[in-house]
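Peer 1: no FASTA, just this:
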């Protein structure tokens with residue numbers, strides 16, 4: 001995505017109960033752009049003694065080759081698939097970042113990068129990379145993590161947007177720009193498409209959302 005959602009931790013850090021960070025969906029520690037979420041959180045922990053980081057991803061490549069960096073930053077890493085981390089996650093988290101199980105912008109399914117992504121999910125993970133499965137995975141995570149949120153917690157979903165807001169930050173946005181796909185006039189899309197409404201129905205408040213358009217968007221909720 002264009003806007004780096006994970007850097008919002010610095011914005012929210014004084015509003016949450018603690019700085020225990022849970023990330024589900026890591027990025028390579030030395031991301032080509034230099035601003036991957038896992039490295040950002042690890043650096044944040046190093047400069048904030050009260051902070052901790054638990055990073056979960058099914059792909060071991062996200063962490064391999066950087067063991068020294070991981071040890072220096074006291075990064076707890078867990079390799080598992082979606083909600084298979086039952087009985088591994090523990091404690092209470094003040095900041096939860098959910099950016100896993102890829103969302104494919106409608107209309108782009110035949111693009112080369114989308115085809116490669118779909119093949120990878122089938123061949124390596126044994127699951128179809130569909131937007132329905134992406135939303136389902138994030139909903140399951142949101143449900144499961146309710147026992148692990150601090151009294152004041154922010155859950156941040158990357159690649160999640162309310163279609164009514166697309167264009168509010170970029171007037172030139174066109175709903176049909178994705179290979180002719182036309183979005184409806186309302187509704188949630190992206191990784192948190194079903195998780196966000198479920199959370200709001202269960203006492204969470206829409207804290208902040210940003211939506212230029214698909215792949216450049218995020219949504220944060222809080223429980224106070």
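Peer 2: On my side now, so go ahead. Keep in mind it's a predicted model, so treat the numbers as computed, not measured.
Peer 1: what's the top helix by length along the chain packed up against?
Peer 2: As far as residue count goes, and with DSSP state H defining each element, the longest helix of the chain is helix 131-144. Identification of packing neighbours for helix 131-144 by 3 or more CB pairs under 8 Å, 6 or more residues apart in numbering; DSSP states H and E yields strand 93-98, helix 195-201. Using the backbone N, CA and C atoms, a C-beta is placed for each residue, glycine as well.
Peer 1: what's the most buried one of these?
Peer 2: Between the helices and strands packed on helix 131-144, strand 93-98 has the highest mean count of neighbours, a mean of 26, where neighbours are mean count of other CB atoms under 10 Å.
Peer 1: paired strands for that strand, with orientation please.
Peer 2: According to DSSP bridges, the neighbouring strands of strand 93-98, each with its direction, are strand 20-24 (parallel), strand 149-158 (parallel).
Peer 1: any idea how far the most centrally placed residue in the chain is from residue 41?
Peer 2: Here the mean C-alpha position of the chain is nearest to the C-alpha of residue 99 (CA atoms, centre = their mean), at a distance of 2.0 Å. Distance from residue 99 to residue 41, counting by CB to CB, to the nearest Å: 11 Å.
Peer 1: strands of this protein, residue ranges please.
Peer 2: Listed in chain order, the strands found in the chain under DSSP state E are 20-24, 52-56, 76-78, 93-98, 149-158, 160-162, 188-190, 205-213, 216-222.
Peer 1: any stretches of the chain with poor pLDDT?
Peer 2: Counting by pLDDT under 70, the chain shows low-confidence ranges at 1-3, 28-35, 60-88, 165-185, 212-216.
Peer 1: one more pass at 50, please.
Peer 2: Low-confidence segments of the chain (pLDDT under 50): 1-2, 34, 78-83, 168-179.
Peer 1: can you count the residues close to the closest residue to residue 40 other than its chain neighbours?
Peer 2: Of all residues not flanking residue 40 in the chain, residue 6 sits nearest, at 5.4 Å (CB to CB, 6 or more residues apart in numbering). The tally of other residues near residue 6 (other CB atoms under 10 Å) stands at 23.
Peer 1: let me see the contact set for residue 6.
Peer 2: Listed by CB atoms under 8 Å, 6 or more residues apart in numbering, the contact set of residue 6 reads 23, 37, 40, 41, 97, 99, 156, 158.
Peer 1: mind doing that once more with 7 Å?
Peer 2: The neighbours of residue 6, taking CB atoms under 7 Å, 6 or more residues apart in numbering as the test, are 37, 40, 41, 97.
Peer 1: for the nearest residue to residue 24 once chain neighbours are set aside, give its distance to residue 144.
Peer 2: Leaving aside its chain neighbours, residue 24 sits nearest to residue 56 (4.7 Å; criterion: CB to CB, 6+ apart). Residue 56 sits 12 Å away from residue 144, taking CB to CB as the criterion.
Peer 1: who has more neighbours out of these two?
Peer 2: Neighbours per residue (other CB under 10 Å) separate residue 56 from residue 144, with residue 56 holding more: 23 against 14.
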